[in-house]
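A.B. asks: Need a 3D model of the following:
(chains A and B)
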Amino acid sequence: MTKKQKKMLVRIVSAALLYALALLLPLPEIAKLILFITAYLIVAWNVLFKAVRNIGNGQVFDENFLMAVASLGAFALGEHSEAVAVMLFYQVGEWFQDYAVNRSRRSVSSLMDLRPDYANIETEDGLEQVDPEEIEAGTVIVIKPGERIPLDGTVISGSSRIDTSALTGESVPRMVKEGEEVISGCINESGLLHVRVTKEFEESTVSRILDLVENSAEKKSKSEAFITKFAKYYTPAVVLSALALAVLPPLFTGIGQLEVWKMWIYRALTFLVISCPCALVLSVPLSFFGGIGGASRKGILIKGGNYLEALCQVKVLAMDKTGTLTEGSFSVQDTVPEEGFSAAEVLLYAAAAESYSDHPIAASLKEAAGEHRPEANDIEETAGHGVKAIVDGKEVLVGNRKLFDKYGVPCKEAENDLGTVVYVAVNRQYAGYILIADTIKKEAKEAVAALKREGIRETVLLSGDNKRTAEAVCRELGIDACEAELLPGDKVTALEKRMAGCGENEKLAFVGDGINDAPVLMRADVGIAMGALGSDAAIEAADIVLMDDNVTKIAEAIRIARKTNRIVYENIWFAIGVKVLVLILSALGFTNMWWAVFADVGVAFLCVLNAMRCLKA
Amino acid sequence: MKKTFKIEVDCAACAAKVENIVKEIEGVEDATVSFMTQKLSIKAPEEKMAGIVEEAVKRVAKADPDTIIYVK
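C.D. replies: As a prediction, this is how the structure comes out:
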């Protein structure tokens, strides 16, 4: 609670006590009136003051003015207790809104509490703490266990566990060792690290993320624009109808009767109580703010309320393959030996023969075979075919069909769509084949199913890879459509074609790893970059950034967007509905000021409570 | 260019009001006030920025005296 809030609370409570005394004690009328007036002044003086001051500035539809007129009018009509109640509850409502806003601001900023306070640099007198903004790229900094990594860099000595949860929402710590990158904002958990800074503070991941989150409030959603516009007309309209209600009916029904005038003025005053639009206007940005805050806690950064809104309308989701649905690195999937050979043997021969090659396929063979490999001599490499080498005194052939045709060694045709097949022969005798492929991420299948559950009508794979591989991935994951063999420029064209096929309120989102997808990310209605930790281009180009490379976060982001939007609409229709209903009932004389207080403060209270749910994504 | 200022604004409707006031100043390309983050950002040509900021402070002080714009 801030100081301001505490003061207001004291005022509210003391006024409420006096009010209760006046209602409950058997006092003479005049004593009651004094208590009411005292309570009223305690709780309302600032509203009255502002009302008077703002009239001087021509602010007629100012809410202070409206509340002052409504409550003073009620006093004048002799409705003392209602006059005090209106003001009392109005202030309670204001106080509660203030409190709620502060709380959600605090809870969002605490999860965005990534800003490092200092960086350690080594000097002759030991470690010195320096402002991270003053450190230049190339400087070596020391990060002790428990400290936040202040700047992006490369580890030059030491190894440690790194807690990335503040950035990615991922609770399992990551291991880093010499030569690996560390990212600012993460916490160094276990070991002492020496890190060479690669980016200055302004360029670092932390600054970029903080910037992005802070600026997200600028991109306002359509519903926010709608509600501010609505408010702009709502208040004057209600105030004018109040005026009409106070004057017109008595003119025709009983111009000389004081009772008739009193009745219609009272009804008009209830209009004024309901005319304040603030709760309605507040609940929309509060919801989006909460939704964006809640999402960032899970490592999903959304650049604005407008994108959160667009995400709800996404019906077609286009995806990149490599790095998004697959790991993006080749590995040995399967080894199928011939009779007389073992799988381990085939793999060892292949890895040994390829031991001097840098090709990604050779790398994956070596990785699968391990460090202990026999020596290979007389290596003869034929580009596009494979390798011939002498291993353990035996001649080994490792390569594709073309190589085997060249040496006249018959081999079995191994059918596989997912990856590359490497054949192995020992002393000109076919020994078996090894299947090497990009691994599909283990959560990818579940992620695609989750997208379907979230109401995505069509999933599309846009891949630069060959058709057979792309189609195999689609089949495996249950993706609806497949466009393969696309050059980077073709992807934009393919995307545009899909976008043209979308209905009016249907949006298309594209998910990519951001490395060479920037134009596609920008072109899509909603561009989602994943695995963006440390990739500046992706953070720049995308509308939504997934900090890690977990595909299931896409469905999660859609779920959060849907929830936020649902809450926004609930609030809008509930608030407008109740207000209009009470306005009609008041005009017809079915209500009193208590109803108006509910329509104003009660609705505000419920809307704010509802909006606060967005934070719990 | 775009410049961002801290702003103290009391309610969401006031934020919308202040946003409109600033938008109407001549030379302003775009302006937003975020009630949640308490920030005012103004997009305008660089050479006009100083004058616009001064005008914004003046107009806002008149129309909504409870709002304070913190000009660095």
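
A.B. asks: Please count neighbours and contacts with C-alpha atoms only from this point.
C.D. replies: OK.

A.B. asks: Mind giving me the packing neighbours of the biggest helix by length in chain B?
C.D. replies: For chain B, the longest helix by residue count, based on DSSP state H, is helix B:46-63. Applying 3 or more Cα pairs under 8 Å, 6 or more residues apart in numbering or on different chains; DSSP states H and E, one finds that helix B:46-63 contacts helix B:12-23.

A.B. asks: chain center to the helix it packs on, what's the gap?
C.D. replies: 8 Å (Cα atoms, centre = their mean, to the nearest Å).

A.B. asks: Residues contacting that helix, please?
C.D. replies: With contact meaning Cα atoms under 8 Å, 6 or more residues apart in numbering or on different chains, helix B:12-23 is reached by A:228, A:231, A:277-279, A:281-282, B:9, B:28-35, B:40, B:56, B:59-60, B:64.

A.B. asks: can you tell me which of those are in strands?
C.D. replies: The members of the contacts of helix B:12-23 that map onto strands under DSSP state E are B:30-34, B:40.

A.B. asks: out of the residues you listed, who's near chain A?
C.D. replies: B:32-34 (Cα under 8 Å from any Cα of the partner chain).

A.B. asks: Can I get the residues you listed in a markdown table including neighbour count and distance to A:Lys366?
C.D. replies: Shown next, in a markdown table, are those (neighbours: other Cα atoms under 10 Å in any protein chain shown; distance: Cα to Cα, whole Å):
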| residue | neighbour count | distance to A:Lys366 |
| --- | --- | --- |
| B:Thr32 | 22 | 57 |
| B:Val33 | 28 | 58 |
| B:Ser34 | 25 | 56 |
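
A.B. asks: tell me the least confident of these?
C.D. replies: The lowest pLDDT within these belongs to B:Ser34, with 87.

A.B. asks: who does that residue bridge with?
C.D. replies: B:Lys39 (DSSP bridges).

A.B. asks: Okay, now the unreliable bits of the stretch 301-450 of chain A?
C.D. replies: Residues of the stretch 301-450 of chain A meeting the criterion pLDDT under 70: A:415-418.

A.B. asks: For it, which segments are assigned as strands?
C.D. replies: A:314-320, A:326-337, A:376-382, A:386-391, A:394-399, A:420-426, A:429-440 (DSSP state E, counting those that start in this stretch).

A.B. asks: and the last one, what does it pack onto?
C.D. replies: Looking back up the chat, that one is strand A:429-440. Counting contacts by 3+ Cα pairs under 8 Å, 6+ apart, strand A:429-440 packs against strand A:326-337, helix A:343-353, strand A:420-426.

A.B. asks: so which of the ones you listed gets nearest chain B?
C.D. replies: strand A:326-337 (38.0 Å; Cα to the nearest Cα).

A.B. asks: partners of that closest one in the sheet?
C.D. replies: Sheet pairing of strand A:326-337 (DSSP bridges) gives strand A:429-440 (antiparallel).

A.B. asks: List the buried residues in the strand it pairs with.
C.D. replies: By neighbour count with 16 or more other Cα atoms under 10 Å in any protein chain shown, strand A:429-440 contains the buried residues A:430-440.

A.B. asks: which of those residues lies closest to chain B?
C.D. replies: A:Ile440 (40.9 Å).

A.B. asks: residue contacts, that closest one?
C.D. replies: Taking Cα under 8 Å, 6+ apart, we find A:Ile440 in contact with A:325-327, A:473.

A.B. asks: quick one, what contacts A:Gly294?
C.D. replies: Counting by Cα under 8 Å, 6+ apart, A:Gly294 has contacts A:108, A:614-617.

A.B. asks: can you give me the offset of the helix or strand containing it from its chain's centre?
C.D. replies: According to DSSP states H and E, A:Gly294 maps onto helix A:278-297. Put simply, helix A:278-297 sits 12 Å off its chain's centre (Cα atoms, centre = their mean).

A.B. asks: what about it, average pLDDT?
C.D. replies: On average, the pLDDT along helix A:278-297 is 85.

A.B. asks: now swap in stretch A:606-614 and tell me
C.D. replies: Throughout stretch A:606-614, pLDDT has a mean value of 88.

A.B. asks: Give me the residues contacting that stretch.
C.D. replies: Contacts of stretch A:606-614 (Cα under 8 Å, 6+ apart): A:97, A:100, A:104, A:279-280, A:282-284, A:286-288, A:290-291, A:294, A:563-564, A:567-568, A:571, A:575.

A.B. asks: ok and the residue in the stretch 1-150 of chain A nearest chain B?
C.D. replies: Closest to chain B within the stretch 1-150 of chain A is A:Asn57: 6.2 Å, counting by Cα to the nearest Cα.

A.B. asks: Go ahead and confirm that residue touches B:Ala63.
C.D. replies: Yes. At 6.2 Å, A:Asn57 counts as touching B:Ala63 under the criterion of Cα atoms under 8 Å.

A.B. asks: most surrounded residue in the contacts of A:Gly294?
C.D. replies: Neighbours here mean other Cα atoms under 10 Å in any protein chain shown. Within the contacts of A:Gly294, the largest count is held by A:Cys614, at 27 neighbours.

A.B. asks: how much space between that residue and chain B?
C.D. replies: 14 Å (Cα to the nearest Cα, to the nearest Å).

A.B. asks: Shouldn't that residue be within a helix?
C.D. replies: Yes. Under DSSP: H, G, I helix; E, B strand; the rest coil, A:Cys614 falls within a helix.

A.B. asks: Quick check: pLDDT value at residue 58.
C.D. replies: I went with chain A, as the question did not name one. Looking at A:Gly58, its pLDDT is 72.

A.B. asks: my question was about chain B
C.D. replies: For B:Lys58, the pLDDT comes out at 90.

A.B. asks: Quick check: the residue of chain B nearest chain A.
C.D. replies: Across chain B, the shortest distance to chain A (Cα to the nearest Cα) belongs to B:Ala12, at 4.9 Å.
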